[in-house]
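Trainee: this one's structure only:
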């Protein structure tokens, strides 16, 4: 049984209060939560008297990464991945390799005491990007959808490619040997094996979930799917990251046929909370370890550490900016067929892409997962320095680049291309037409009341007309105004229903269980309203 002293209880209270403050500041400041987390983690490192919390390095990747990777892959559009294969591949594979090598070269020659092997570990750790901060702001600021799709696709694939390089680099340090030819062959085998295991696990989970109709069980199975793919691939010495990502993409594509309304509503809320908690845990963990890391680096002056942090962070940012423009325009110059099929974008597009290379949870997890010792029992060379530099790269990219994205978008003059809205309108029109067609088919059934059918036909006809009007440049918006007024009235009535049900509970005339059941139905109706 765990027992806490009064001092430890106060420390725990302080940590919880810090998390609460971050939660309350996020919506007020309209800043993506990864930026607040990295600042909060940094602040924790300077709070006196915090506990010395450590976690076995090997548990960081195994316990935290599988659900994060699975959820990111699950949420990714397979269509967007296919449509943007070339730019995503150039960023997530080409840029990852170039960043790893560039950081390794700079780290080895410019940072005292960092051997080649550890320098490559550092390069692999800071090479993958995190899209949360960039895409959350991009959506809010009306950035063209294709740019957002490229950033999200890059982050998904470069997690896999970077962590494969990371695994090879760490193995080279731990074992003390590495063959480039053997490593290249193992790279191919690892990727192919990870894909195979991911597809196999995804297919098996799909078959089970087809026969399962229990939301808590389905959501739990979805959570475990990342582990089901990651753990056997890792045990087999294959790419566990690619296995988890592959399973996520596969299950995500087939999810509409596997889930019910209840499962989707509960699942979306569950995954949002879980992703936030895991990210919070990582940044709190590194914040609690910062004092120990700084103590281990006490032989270096503060000026030297700051210089090393600025050098590595600047290298990461500069390499991306130097890579994006040639990767955008050179292939089109070399291959005219690419230019004909996909004309070159204006310079503002690669400028935005080059400024959205924020680092986040994956880099942090990889840094914390570096082994403490090598096979010989010696300390892992430069581990504390690598963790310190990785945290500073995350800090620099999230704070410097993340907070400046609104300014960059305004300067570049980026505007929403409206593709997402047009596709949504198209989908709603098609859905309304499908409902009308089905209503016509069912009109002769005995259980269909003619008055009910007429009322529903009017509802769907109005809905189709309202969305179709958005494609009409001469539309005065009157149908949208009428719809907004209806929804406002509907919400007022739903609020009245809720108050009446709560009053019944408060008067003791119904139980809390009944109140929650009725509230749930009212909330589902409310969630369908657009305003």
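Mentor: It's in. Predicted model only: the values in this text are computed from it and were never measured. Numbers count the residues shown, from 1 in each chain.
Trainee: pLDDT below threshold where in the stretch 101-250 of the chain?
Mentor: Regions of the stretch 101-250 of the chain meeting the criterion pLDDT under 70 cover residues 133, 177-184.
Trainee: ranges for the strands of this structure?
Mentor: For the chain, no strands are identified by DSSP state E.
Trainee: care to break it down by domain?
Mentor: Using automatic domain parsing, the domains assigned to the chain come out as 7-417, 418-475, 488-531.
Trainee: can you put those domains in TSV and add distance to residue 481 and mean neighbour count?
Mentor: For every residue, glycine as well, the C-beta is placed using N, CA and C. Converted to TSV, these look like this (distance: least, CB to CB, whole Å; neighbours: other CB atoms under 10 Å):
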stretch	distance to residue 481	mean neighbour count
domain 7-417	22	19
domain 418-475	10	13
domain 488-531	11	12
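Trainee: indicate which one of those domains is closest to residue 482.
Mentor: Counting by CB to CB, residue 482 lies closest to domain 418-475 out of the domains of the chain; the figure is 7.9 Å.
Trainee: quick one: end-to-end distance for that closest one.
Mentor: 17 Å (CA to CA, to the nearest Å).
Trainee: quick one, helices of the stretch 151-300 of the chain?
Mentor: 180-210, 215-235, 240-254, 261-296 (DSSP state H, counting those that start in this stretch).
Trainee: redo these as JSON lines? Include distance to residue 144.
Mentor: Putting those into JSON lines (distance: least, CB to CB, whole Å) gives the following:
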{"stretch": "helix 180-210", "distance to residue 144": "31"}
{"stretch": "helix 215-235", "distance to residue 144": "31"}
{"stretch": "helix 240-254", "distance to residue 144": "23"}
{"stretch": "helix 261-296", "distance to residue 144": "25"}
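Trainee: residue 383 against residue 368, yeah?
Mentor: No. Under the criterion of CB atoms under 8 Å, residue 383 makes no contact with residue 368, lying 10.0 Å away.
Trainee: and the closest residue to residue 311 other than its chain neighbours, how far is that from residue 172?
Mentor: Ranked by CB to CB, 6 or more residues apart in numbering and with sequence neighbours excluded, the top spatial neighbour of residue 311 is residue 110, at 5.7 Å. Residue 110 sits 21 Å away from residue 172, going by CB to CB, to the nearest Å.
Trainee: coming back round to it: of all the helices of the stretch 151-300 of the chain, which one is nearest residue 154?
Mentor: The closest of the helices of the stretch 151-300 of the chain to residue 154 is helix 240-254. By CB to CB, the value is 12.9 Å.
Trainee: and that closest one, how far out from the chain middle?
Mentor: Helix 240-254 sits 14 Å away from the centroid of its parent chain (CA atoms, centre = their mean, to the nearest Å).
Trainee: looking at the residue sitting furthest away from the middle of the chain now. What's its pLDDT?
Mentor: If you look at how far each residue of the chain sits from its centre, by CA atoms, centre = their mean, the farthest one is residue 446, at 49.4 Å. The per-residue pLDDT reported for residue 446 equals 88.
Trainee: ok, now how distant is it from residue 225?
Mentor: Using CB to CB, residue 446 is found at 44 Å from residue 225.
Trainee: next one: residue 257
Mentor: Spatial separation of residue 257 from residue 225 under the definition CB to CB is 16 Å.
Trainee: cool, residue 374 as well?
Mentor: Plainly put, residue 374 is 34 Å away from residue 225 if you go by CB to CB.
Trainee: swap in residue 296?
Mentor: According to CB to CB, residue 296 and residue 225 sit 38 Å apart.
Trainee: that older thread, wait, isn't the residue nearest to residue 311 in contact with residue 314?
Mentor: No. Counting by CB under 8 Å, residue 314 is not a contact partner of residue 110; they are 10.9 Å apart.
Trainee: give me the phi and psi angles of the residue farthest from the centre of the chain.
Mentor: Backbone dihedrals for residue 446, given as degrees, to the nearest 10, come out at phi -60, psi -30.
Trainee: isn't residue 360 right next to residue 279, touching?
Mentor: Yes. Residue 360 is within contact range of residue 279, at 7.4 Å (criterion: CB under 8 Å).
Trainee: shared neighbours of these two, which are they?
Mentor: Shared contacts of residue 360 and residue 279 (CB atoms under 8 Å, 6 or more residues apart in numbering): 34, 132.
Trainee: could you find the closest non-adjacent residue to residue 89?
Mentor: Nearest-residue entry for residue 89: residue 157, 7.3 Å, with adjacent residues in sequence omitted and distances by CB to CB, 6+ apart.
Trainee: which ones are touching that neighbour?
Mentor: The neighbours of residue 157, taking CB under 8 Å, 6+ apart as the test, are 81, 88, 89, 92, 93, 245.
Trainee: ok, now how distant is it from residue 246?
Mentor: 11 Å.
Trainee: how far off centre is stretch 410-421?
Mentor: Distance, stretch centre to chain centre, for stretch 410-421: 22 Å (CA atoms, centre = their mean).
Trainee: neighbouring contacts of it?
Mentor: Contacts of stretch 410-421 with the rest of the structure, by CB under 8 Å, 6+ apart, involve 141, 142, 143, 144, 145, 146, 147, 348, 351, 352, 470.
Trainee: so which of these sit within helices?
Mentor: When helices are assigned by DSSP state H, the members of the contacts of stretch 410-421 inside them are 141, 145, 146, 147, 348, 351, 352.
Trainee: correct me, but the last one touches residue 406?
Mentor: No. Judged on CB under 8 Å, residue 352 makes no contact with residue 406 at a distance of 11.9 Å.
Trainee: per-residue pLDDT, residue 401?
Mentor: You'll see residue 401 listed with a pLDDT of 89.
Trainee: ok, it - contacts?
Mentor: The contact partners of residue 401, taken as CB under 8 Å, 6+ apart, are 317, 355, 356, 357, 358.
Trainee: measure the residue lying closest to residue 270 once chain neighbours are set aside to residue 321 for me?
Mentor: Excluding its sequence neighbours, the residue lying closest to residue 270 (CB to CB, 6+ apart) is residue 219, at 5.4 Å. To residue 321, residue 219 is 41 Å away according to CB to CB.
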